[in-house]
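In: I would like the atomic coordinates for the input below:
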Amino acid sequence: MRGKIVLLPALLVTYPLLVISVLQQNKMDHRDVPTQGKRSFLSGPVRKLLMISRSDELDAIHMVHNDQGTFAWELFNRPTSSSERIDGCDCEVYLKSSSYLKSVARSCWAYLLSGQARALLEQKADEVCSNRSHARSLKVVLLQHLHVMESSDKSCAGNPVKEEERSRIFFTSALFLCSFLERILFDIFYHALSVRGSELEGAVKENPPALLRDLLQHPVMKAALPTGAADWMSMLFHPKCLNLRNLLWHGFLCPADFPAEYSCLLLLLTISLPQAPQRPFFEVERYDVIVRHIPPCTDELRLSFKSEMFRSFIQCCDFFPPACQDATVWAIDHYCQGNYHHFLSIYIPVLEMSLRHTFAKINKVEDVLTANCGQYFSTLDGYGQMDKHQLLLAPSLHRDLLRSRQKKVTTEGQDDQMQQGEQAASNNELLSWMGFGAFAFLQDFFLLEDGPALRARVAHGDFEISPSELQMAMNPSYVPEGGEG
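Out: Modelled structure (predicted):
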């Protein structure tokens, strides 16, 4: 398995070096960009849909588990609510469904906090692990969750986990769990497709879904899951409901205000899914030609990343917004420890949001900084949907952004300025700011159709994770069997 990510160290080290080299040549004033502090990049309506406050009056749900310790799927044996309007939002959203999912998530938190959870959940995790090598890592996440939850109890003996550490663990666990969940769901679908192949029509077999939203609405998927589960998981990831995976993996959420309840919900859902054979994982060696000339990581480079000077640079440079700085340092720490998959999972969303931050300033399109209901995000990848929304690494601006910017300029009485050089105004200025080499490098790894689509591969669970690497990542004091550190 380790061979499948053997090229990642050389690949990963280039990101920090790329950022440093670009920033040294391109000083930039971000004072005109709206600052979020250490809050997530969400519009008011999205924040209302997603965030959980301790003061929220949510319906009490006392039984989120069954006798086996797994998720009580009957909670989803009810219709999802219809869409409705929300204050300040032009589109209709699933407000009642989001409120119900918040109640379920809070109840999952309470269940994991209870003393009865540990033995049952460990037993279930062992059952899952016995049939899926990829799912062995789930137990590491589970045990870390339980440890943090137990340390949150004021009656708990020993040293409590600090708030920043708790935020880090729940946030990074949610990233992993979204990947696990999607990977397992697609495994379930393709297994069900093979079992039911003879009874299905040709169109159903020949056009399998590629996107999670389409998968959860597929009749084969709905039949393979408990009643109502597919519809409610659709709400969990729906762009007009919680949209949890996209907000996490496109960098809009930050650890400081991420609701830990969702991490608990994702954990219980993932270990409770039906079991199915796993499909082959993506092999990065196929793209050896792309990374062949990247210099390998050296001890000197690793030491420089650990230095106080480098950490100070992260905190004071303009490229990383304040909400992304803690996660950047965590990512670099994991890289230095050899936790390469963990580094990717934390750093790629940070990189995307930081690029979006710079893109917004340079192109004067600050609206792209926040996630809005019913609107496409401006993203690092998505080559097949570049006609629908802005790609940060596209050479030109999307027509919707141009219209928005032109409307703003017209409102400010600058029509003549806008009409001069209309063609130049459509160029993505991020390319000239960053330089062609760095721009092309990022396009190769993230955007181009023939490339490895690195963010998508990691986010959608196509990389296999070493359980020992994950355990070391989740617990820095962990020592692998047969060796130190």
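In: Spatially nearest residue to the residue nearest the centre of the chain (excluding sequence neighbours)?
Out: Geometric centre of the chain, nearest residue: Trp249, 2.1 Å, by Cα atoms, centre = their mean. Nearest non-adjacent residue to Trp249, counting by Cβ to Cβ, 6 or more residues apart in numbering: Ala459, 4.2 Å away. To be clear about C-beta, it is placed using only N, CA and C from the backbone, and glycine gets the same treatment.
In: Verify the contact between the one you found and Cys178 for me.
Out: Yes: using Cβ atoms under 8 Å, Ala459 is in contact with Cys178, at 7.4 Å.
In: okay, and the common contacts of those two?
Out: Shared contacts of Ala459 and Cys178, defined by Cβ atoms under 8 Å, 6 or more residues apart in numbering, are found at Arg245, Trp249.
In: If I look at Asp231, what pLDDT would I see?
Out: You'll see Asp231 listed with a pLDDT of 95.
In: which ones are touching it?
Out: Residues counted as contacts of Asp231 (Cβ under 8 Å, 6+ apart) are Phe76, Pro79, Thr80, Leu216, Lys222.
In: doesn't it fall inside a helix?
Out: Yes: under DSSP: H, G, I helix; E, B strand; the rest coil, Asp231 falls within a helix.
In: can you tell me how far it sits from Arg356?
Out: 31 Å (Cβ to Cβ, to the nearest Å).
In: Could you do Gln385 as well?
Out: Distance of Gln385 to Arg356, given as Cβ to Cβ: 16 Å.
In: Return the residues in contact with Leu101.
Out: Neighbour list for Leu101: Trp232, Met235, Leu236, Cys241, Leu242, Leu265 [criterion: Cβ under 8 Å, 6+ apart].
In: May I ask which helix or strand encompasses it?
Out: Under the criterion of DSSP states H and E, Leu101 resides in helix 95-113.
In: How far does that helix sit from its chain's centre?
Out: 20 Å (Cα atoms, centre = their mean, to the nearest Å).
In: What's the first helix or strand after it?
Out: Next along the chain after helix 95-113, taking DSSP H and E as the criterion, comes helix 117-129.
In: For that following helix, give me every contacting residue.
Out: Applying Cβ under 8 Å, 6+ apart, the contact partners of helix 117-129 are 65, 68-70, 111-112, 135-136, 138-139, 142-143, 146, 271-272, 275.
In: Could you check the angle it makes with helix 95-113?
Out: 100 degrees (axes from the mean of the first three to the mean of the last three Cα atoms, to 10 degrees).
In: Run the angle between the next helix-or-strand element following helix 117-129 and helix 117-129 for me.
Out: Next along the chain after helix 117-129, taking DSSP H and E as the criterion, comes helix 136-152. With the same axes, to 10 degrees as the basis, helix 136-152 and helix 117-129 are set at 170 degrees to each other.
In: quick check: longest helix of the chain.
Out: Determined from DSSP state H, the single longest helix within the chain is helix 163-195.
In: what mean pLDDT does that one have?
Out: 89.
In: Return the distance of it from the chain's centre.
Out: Per Cα atoms, centre = their mean, the displacement of helix 163-195 from the mean C-alpha position of its chain is 10 Å.
In: For that helix, buried residues please.
Out: For helix 163-195, the neighbour count (16 or more other Cβ atoms under 10 Å) marks 166-193 as buried.
In: Can you list which of the contacts of Leu101 are found in helices?
Out: Trp232, Met235, Leu236, Leu265.
In: Which pair in those residues has the greatest spatial separation?
Out: Met235 and Leu265 (11.9 Å; Cβ to Cβ).
In: neighbour-wise, which of the two wins?
Out: Leu265 (27 against 22; other Cβ atoms under 10 Å).
In: wouldn't that one be in contact with Cys108 here?
Out: Yes: contact criterion Cβ under 8 Å: Leu265 and Cys108 qualify, at 4.5 Å.
In: List the contacts of Leu401.
Out: Taking Cβ under 8 Å, 6+ apart as the test, what Leu401 contacts is Asn363, Val365, Asp367, Val368, Ser378, Gln390.
In: Revised request: answer the last question for Leu177.
Out: With Cβ under 8 Å, 6+ apart, Leu177 has these contacts: Val141, Ser263, Leu266, Leu267, Thr270.
In: Which one among those residues sits at the bottom for pLDDT?
Out: Val141 (81).
In: show me the contacts for the closest residue to that one other than its chain neighbours.
Out: Distances taken as Cβ to Cβ, 6+ apart put Ser173 closest to Val141, at 5.1 Å, once the chain neighbours are dropped. By Cβ under 8 Å, 6+ apart, the contact set of Ser173 is Val141, Gln144, His145, Ser263, Leu266, Leu267, Met474.
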